[in-house]
Every structure is written in C-alpha cells, then in structure tokens.
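Visitor: sequence-free structure coming up:
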C-alpha cells in the first residue's frame, strides 16, 4: 500500500510539472488565449523599442546578469543593432534586429537559427501568416514583431527590416483568438502616455467585451491587431537555440 501511495504521489508531481510546461489556456467558452511560459515581466522602453525588444528576449533566454539594470542590456543590444547607411542621402540609421540578435547570442556562446519574415512580400518564402506566429507561441518561442507604417514598407520587405522610420518593435508573447479575429499579446514596454507608431493597432480589452479580463493587467503588456493598419509586419523567429 505504501509503494502504491508513493507511486500515486509521484504521478501527481509529474502531472503538475507538465502543467507548468504547457502554454496556459483560458477556460472553455471564452476566447482562446495562449501565452509563453514562464512569462517574464515587460521591460520599459529605453533608447528605442527595437533594442528593448531584443534585450527582453536575451533576458528570456537567461542572458541578463543577476541584478543587472535592464537599461544596460538595452544599451548593449543597441550597439550590436545600430547600422548607418552612410552612403545613402541623409545617412539613415537602420536597426538590424536579426543580425544584432545573432551577434549578441554568439557573444554569449549561444548559436541560434533566426528567421525574419514579413506579413507582405512578393516572395512567398518570405511571408509569415498568423498560423506561423501561433505555432511559435505554442512551442514556447516568443517572436519579435515590428509594426511598420512607412508607405514603402509594403513593397520593400528589405526596407521594412531596416526599421529606419515609422515603425515600432515589441515581443509577441502570446495570442488571443475570438470571433474569427486574431490578436497578438505583446510586451511593448510602452508608458501610457508614450507616442509610438504601433499605437494605431493597439486594442483595448473592453473593445472586445473583455474589460474584466486579467490578460493585459501587467504593465507594458498590450493587445495588437493581426489585421491592422500597418503597411507591413516583420516577424523575427528564433527557431533553434543551442546549447
């Protein structure tokens, strides 16, 4: 009887452990909500949204030193990402998320496979749909998303990826589906009075009849439309990370 009791206790412990690994879902009957797990708090935007998004992902991967001010991590990320197109008129500054993140991970002896796609592209292989984003979240892999509003970003994916102007980056940490519509749950780190291009596609929960929902109660976390007013949406997927 004692062996049976021990086995039952061990089984309960395993089930509890598996529950912690699974992406949390809301109860049946409400909207479908999935979040990466465990979910670290959002980091307030410092320097710019692009460097802040990369810094959050580094923190998610356990690469932030204990007690380190996140602003130090953001500043470090910015130095890896910032790139001047000094041969072009006006010498525009680009923010290379994929390249910067790759180099940062390599500096920590981590090897990553990073794929950058866009909602709109003339090349089918470069396009990302909402199902690809959903799969990444369900596999517990956050996604850096950049909302672009530059008119040229629709025609030129390369221009959208450069993030030169009229764009905001954040980390997609989940999704919500309701009534056939899809929304991205994002750590944007924006203050309530902050002006960012992506605010155009931010959604309040009470607009969806979910005013009492705790989903976005965490500071710096908000809901964004998948079918928004942006000219393009760039998604940066980390598909593999070693060791």
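Guide: Cool, the structure landed. These numbers were taken from a predicted model, which means no experiment stands behind them.
Visitor: Next one: the nearest residue to residue 85 once chain neighbours are set aside from residue 84, what distance?
Guide: Once flanking residues are discounted, residue 85 sits nearest to residue 92: 5.1 Å by CB to CB, 6 or more residues apart in numbering. (Each C-beta comes from the backbone N, C-alpha and C, glycine too.) Note on residue 92: its distance to residue 84, by CB to CB, to the nearest Å, is 8 Å.
Visitor: between these two, which one's more packed in?
Guide: Neighbours were counted for residue 92 and for residue 84 using other CB atoms under 10 Å; residue 92 has more, 14 against 10.
Visitor: Any figure for the gap between residue 105 and residue 119?
Guide: 25 Å.
Visitor: With residue 66 instead?
Guide: Relative to residue 119, residue 66 is positioned 38 Å away (CB to CB).
Visitor: again with residue 218
Guide: 26 Å.
Visitor: Tell me which helix or strand the residue nearest the centre of the chain sits in.
Guide: For the chain, residue 171 is the residue whose C-alpha lies nearest the centre (CA atoms, centre = their mean; 2.0 Å). If you go by DSSP states H and E, residue 171 is part of strand 167-178.
Visitor: Quick one: list the elements packing against that strand.
Guide: On a contact count with 3 or more CB pairs under 8 Å, 6 or more residues apart in numbering; DSSP states H and E, strand 167-178 meets strand 32-35, helix 49-60, helix 130-138, strand 143-148, strand 181-187, strand 221-225.
Visitor: so what secondary structure elements neighbour the first one?
Guide: The reference is to strand 32-35. Using 3+ CB pairs under 8 Å, 6+ apart, strand 32-35 sits against helix 130-138, strand 167-178.
Visitor: List the buried residues in that strand.
Guide: The neighbour-count check on strand 32-35 (16 or more other CB atoms under 10 Å) flags 33, 34, 35 as buried.
Visitor: before we move on, what about stretch 141-148?
Guide: For stretch 141-148, the neighbour count (16+ other CB under 10 Å) marks 141, 142, 143, 144, 145, 146, 147, 148 as buried.
Visitor: so can I have CSV of these showing distance to residue 233 and pLDDT?
Guide: Rendered in CSV, the data for the buried residues of stretch 141-148 read as follows (distance: CB to CB, whole Å; pLDDT from 0 to 100):
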residue, distance to residue 233, pLDDT
141, 17, 97
142, 15, 98
143, 11, 98
144, 11, 98
145, 6, 98
146, 7, 98
147, 6, 98
148, 7, 96
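Visitor: Now that we have those residues, can you turn them into CSV and tack on distance to residue 113?
Guide: Output for these, formatted as CSV (distance: CB to CB, whole Å):
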residue, distance to residue 113
141, 11
142, 15
143, 14
144, 14
145, 18
146, 19
147, 24
148, 24
